[in-house]
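1. Provided below for reference: sequence and predicted model.
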Amino acid sequence: MEFRNVSLDIDGAVAVMTLNRPEALNAVDDAMLEAFSGAW
């Protein structure tokens, strides 16, 4: 699953969410919060 500022990789029972917003030092914004919600 791919989002604009967050990537989600699932391997079996393990999920890894990676923040990808280096221009803002990975600060959380509204779009990133929506991506978090979409991942669950």
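-> Structure received.

2. And the contacts of the one helix or strand residue 16 maps to?
-> Here residue 16 sits within strand 14-19, counting by DSSP states H and E. With contacts defined as CB atoms under 8 Å, 6 or more residues apart in numbering, strand 14-19 is touched by 5, 6, 7, 8, 9, 10, 26, 28, 32, 36, 39. For glycine as for every other residue, the C-beta is placed from the backbone atoms N, C-alpha and C.

3. Give the full set of residues in contact with residue 25.
-> So residue 25 contacts nothing (CB under 8 Å, 6+ apart).

4. What does the pLDDT read for it?
-> For residue 25, the pLDDT comes out at 92.

5. From residue 38, how far off is it?
-> 22 Å (CB to CB, to the nearest Å).

6. Show the contacting residues for the spatially most central residue of the chain.
-> Taking CA atoms, centre = their mean, the centroid of the chain lies closest to residue 6, which sits 2.5 Å from it. Applying CB under 8 Å, 6+ apart to residue 6 gives the contacts 17, 18, 19, 20, 32, 35, 36, 39.

7. can you pull up the bridge partners for the second one?
-> Beta-bridge partners of residue 18, counted by DSSP bridges, are residue 7.

8. What pLDDT is listed against it?
-> So, for residue 18, pLDDT stands at 88.

9. and if you look at the last one?
-> Per-residue confidence for residue 39 comes out at a pLDDT of 73.

10. Contacts only, for the closest residue to residue 27 other than its chain neighbours.
-> Closest residue to residue 27 apart from its sequence neighbours, by CB to CB, 6 or more residues apart in numbering: residue 21 at 6.8 Å. Residue 21 sits next to 5, 27, 29, 32 when contact means CB under 8 Å, 6+ apart.

11. Number of residues surrounding residue 11?
-> 7 (other CB atoms under 10 Å).

12. Tell me the bridge partners for it.
-> residue 14.

13. so which helix or strand takes in residue 37?
-> helix 30-39.

14. Alright, I will stop here.
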